[in-house]
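Participant: Here is my input; please provide its structure:
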Amino acid sequence: MRSIKTKLTITISILIVVLLTAAAFVLLNEKRQELSNDIFLNARSFAELTAPNIVNDYNLYLSQKSFIYFNRNIQDVFQKNVDVASVQIYKYNGELAYDSHTEQSKQYDGTVRKVQNDLLFKQIQARNLSVLTTDSKRVVYFKKDENGNFQAVDQDEKTTTDLGKTEKISYFVQPVGTEFAVSYGITYQALEARVNQTAWRIILLAIFGVGIGILMAVLYSKTITKPIEQLTEGAGIIAKGDFKHRVIVKTKDELFTLAGAFNKMAADLEISTKAMLYKERVTKELELASKIQAQLLPKTMPIINGLDLAAGLLPAEEIGGDCYDFLKLNDDQLIFYIGDVTGHGVPSGIIVSIANAVIYTMAGQKDLKSIMMDTNRVIKAKTSSNMFLTMVMLQWDAVSSKLKFVNAGHEQMIHYHAQDQKVTLCPSGGLALGMIPDISKVVKEEEFGLQKDDVLVLYSDGIPESWKNDKEMYGMARFKRAVTEYSSLPTALAIRNALLADVKEFSGSYKQMDDITLIVVKRK
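Facilitator: Numbering: from 1, shown residues only. Reported below is the predicted structural model:
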């Protein structure tokens, strides 16, 4: 293979390497000394300005166990000076009050931490700003003169040797009043990034060298320009959408390899473009399906004699597998239900739509058990054999103050008794819809009464099975505690909001794994 590298690289590389090496040696070494001194001066001023604020924040927040607010302000300190790697707060007696190394996520709550290093202890009790050098481990104090300039002194405030331009600092100790001192650990990791700014000088030299190299490379341009023109033309054709176009290069060098990669890129672009268009179409369809499903939910809560109602649904994905609805028969009678399909996503959403349509058609024409049996028959006949729907359906009669209900394998309802302020679980039972063709023998209708201010909570398993992390789940015990605590709120909407807020506070930012649905019924 006749390599382009053998034609051009030797001449161009020699020029560029010579120029870059000379520039780097002269400029970078000079700049390292300047920037190292800048880091020291900036950090010294930074320590003097920020130490009082850090101590104030400590007294205001950390001493009161408000770690979150204090930690937020400490993070602001780090963001303002990238050369500060750590912050410690010491009391005059040598006690370590705060250490950013060990208290990144929570406040230290152990035994009292004492400074063991004599040099550091002397720095903490000194009246002047002090530093410890990295290499020589030398402590230097800095005292301000009458003009506000810093002067290097020893512990007894006698003039001493100042820091050299190449001496690096391990940490600063800035006294604050007579009770505290703040230590700032210094890092030089950003030094290289700052040195890179000097590289612009080298780039100018490099451009000059490349220019000369290009002039010399013109002698060989005929063997290069034709394949490049072919590649450029091919790129223009592909940019217009013709991904089947291919570039033919026969130079048998790196451009030949590049042409092969170019042709493979064209083939890959054709595949990825089709995949992207398909993904966009699916995404739009999911968005539309999500809007349609949201329209199936009640827009407002029905007004019915004797009851105060509230409900909510938080899907885990665009398409949820939970459902609920309120079907008002008249001012005194209401049918309502909550359901949960196995899993979530499009298949579950289809089953939810089928169930909603069947129940809506039959409500008011049949009793609860018959509605449930007919819904089961349709789901079993029209859906996959591995998809099931648990549901509990209730009918309220304001005249008799009675609730009838039928449970088809759904979670037990929680009944809050206002008289003794306790909660009980309503009877469970039944079989999920869609498992067998006929559920008449396993589904039964039951009845119970609601007293004044009693609360009934219907929910999907997404609430007790909400996760805080990989190991801890919300659980029924917490849920029952929350129902007991919040059922005394004046309205069903307030109770619903409090219960959902309790679940979300427990879960935090952890991913929601399942749909969360909730109906709250409060007896007026």
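Participant: in the stretch 301-450 of the chain, which spans are helices?
Facilitator: Remark: helices assigned in the stretch 301-450 of the chain by DSSP state H, counting those that start in this stretch are 346-362, 368-382.
Participant: got TSV for those helices, with mean neighbour count, distance to residue 174 and mean pLDDT too?
Facilitator: All C-beta spots, glycine's among them, are computed from the backbone N, C-alpha and C. Converted to TSV, the helices of the stretch 301-450 of the chain look like this (neighbours: other C-beta atoms under 10 Å; distance: least, C-beta to C-beta, whole Å; pLDDT from 0 to 100):
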stretch	mean neighbour count	distance to residue 174	mean pLDDT
helix 346-362	19	61	85
helix 368-382	19	72	91
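Participant: possible to save these as TSV with distance to residue 265?
Facilitator: Formatted as TSV, the helices of the stretch 301-450 of the chain follow (distance: least, C-beta to C-beta, whole Å):
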stretch	distance to residue 265
helix 346-362	34
helix 368-382	47
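Participant: So which of the ones you listed is nearest residue 493?
Facilitator: helix 346-362 (22.9 Å; C-beta to C-beta).
Participant: partners of the strand or helix carrying residue 132, with directions?
Facilitator: Secondary structure from DSSP states H and E places residue 132 in strand 129-133. With DSSP bridges as the test, strand 129-133 is paired with strand 139-144 (antiparallel), strand 169-176 (antiparallel).
Participant: mind giving me the domain split of the protein?
Facilitator: Annotated domains of the chain cover 4-193, 222-296, 297-523 [automatic domain parsing].
Participant: How much space separates residue 354 from residue 377?
Facilitator: Per C-beta to C-beta, to the nearest Å, residue 354 is found 12 Å from residue 377.
Participant: With residue 431 instead?
Facilitator: 13 Å.
Participant: likewise residue 268?
Facilitator: Using C-beta to C-beta, we find residue 268 at a distance of 51 Å from residue 377.
Participant: cool, and residue 394?
Facilitator: Residue 394 sits 21 Å away from residue 377, going by C-beta to C-beta.
Participant: Could you say which helix or strand holds residue 88?
Facilitator: In this structure, residue 88 sits in strand 84-91 according to DSSP H and E.
Participant: Could you name the helices and strands sitting against the next helix or strand after that strand?
Facilitator: Downstream of strand 84-91, the first helix or strand assigned by DSSP H and E is strand 96-99. Applying 3 or more C-beta pairs under 8 Å, 6 or more residues apart in numbering; DSSP states H and E, one finds that strand 96-99 contacts strand 84-91.
Participant: Residues contacting the strand it packs on, please?
Facilitator: 43, 46, 54-55, 58, 74, 77-78, 96-101, 115, 124, 171, 173, 179-187, 189 (C-beta atoms under 8 Å, 6 or more residues apart in numbering).
Participant: The residues you listed in helices, which ones?
Facilitator: Residues of these located in helices (DSSP state H): 43, 46, 54-55, 58, 74, 77-78, 124.
Participant: Got a PyMOL select line for the buried ones in these?
Facilitator: Here is the PyMOL command that selects the buried residues among those (16 or more other C-beta atoms under 10 Å):
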select buried, resi 43+46+54+55+58+74+77+124
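Participant: Quick check: residue 366 touching residue 374?
Facilitator: Yes. Using C-beta atoms under 8 Å, residue 366 makes contact with residue 374 at a distance of 7.2 Å.
Participant: returning to that earlier point: could the strands paired with strand 129-133 be laid out in JSON lines, adding mean pLDDT, mean neighbour count and distance to residue 323?
Facilitator: Formatted as JSON lines, the strands paired with strand 129-133 follow (pLDDT from 0 to 100; neighbours: other C-beta atoms under 10 Å; distance: least, C-beta to C-beta, whole Å):
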{"stretch": "strand 139-144", "mean pLDDT": "92", "mean neighbour count": "18", "distance to residue 323": "72"}
{"stretch": "strand 169-176", "mean pLDDT": "94", "mean neighbour count": "21", "distance to residue 323": "62"}
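Participant: Centre of the chain to the helix or strand hosting residue 230, how far?
Facilitator: Secondary structure assignment for residue 230, by DSSP H and E: helix 222-239. Distance of helix 222-239 from its chain centroid, counting by C-alpha atoms, centre = their mean, to the nearest Å, is 45 Å.
Participant: what's it in contact with?
Facilitator: Everything outside helix 222-239 that qualifies as a contact, by C-beta under 8 Å, 6+ apart, is 4, 7, 217, 245-249, 251, 255-256, 258-259, 262, 266, 269.
Participant: Give me the buried entries from those residues.
Facilitator: Buried by 16+ other C-beta under 10 Å: 4, 217, 247, 249, 251, 255, 258-259, 262, 266, out of those.
Participant: would a markdown table of those with pLDDT be doable?
Facilitator: Output for the buried ones among the contacts of helix 222-239, formatted as a markdown table (pLDDT from 0 to 100):
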| residue | pLDDT |
| --- | --- |
| 4 | 54 |
| 217 | 63 |
| 247 | 81 |
| 249 | 74 |
| 251 | 70 |
| 255 | 71 |
| 258 | 76 |
| 259 | 77 |
| 262 | 76 |
| 266 | 78 |
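Participant: which of the residues you listed sit farthest apart?
Facilitator: 217 and 266, at 28.2 Å, using C-beta to C-beta across those.
Participant: For the spatially closest residue to residue 57 that is not a sequence neighbour, give its distance to residue 110.
Facilitator: Nearest non-adjacent residue to residue 57, counting by C-beta to C-beta, 6 or more residues apart in numbering: residue 73, 4.8 Å away. Going from residue 73 to residue 110 by C-beta to C-beta gives 23 Å.
Participant: average pLDDT across stretch 407-414?
Facilitator: For stretch 407-414, mean pLDDT is 94.
Participant: Just checking the distance from that stretch to the centre of its chain.
Facilitator: Worked out by C-alpha atoms, centre = their mean, stretch 407-414 lies 34 Å from the chain centre.
Participant: what's in contact with it?
Facilitator: 338-340, 372, 376, 388-393, 405, 423-433, 439, 443, 446, 456-461, 464, 479-480, 483.
Participant: ok, now stretch 33-51?
Facilitator: Identification of contacts with stretch 33-51 by C-beta under 8 Å, 6+ apart yields 77, 80-81, 83-84, 129, 131, 142, 150, 163, 165-166, 168-169, 172, 174-176, 181-182, 184, 186, 188, 190-191, 194-195.
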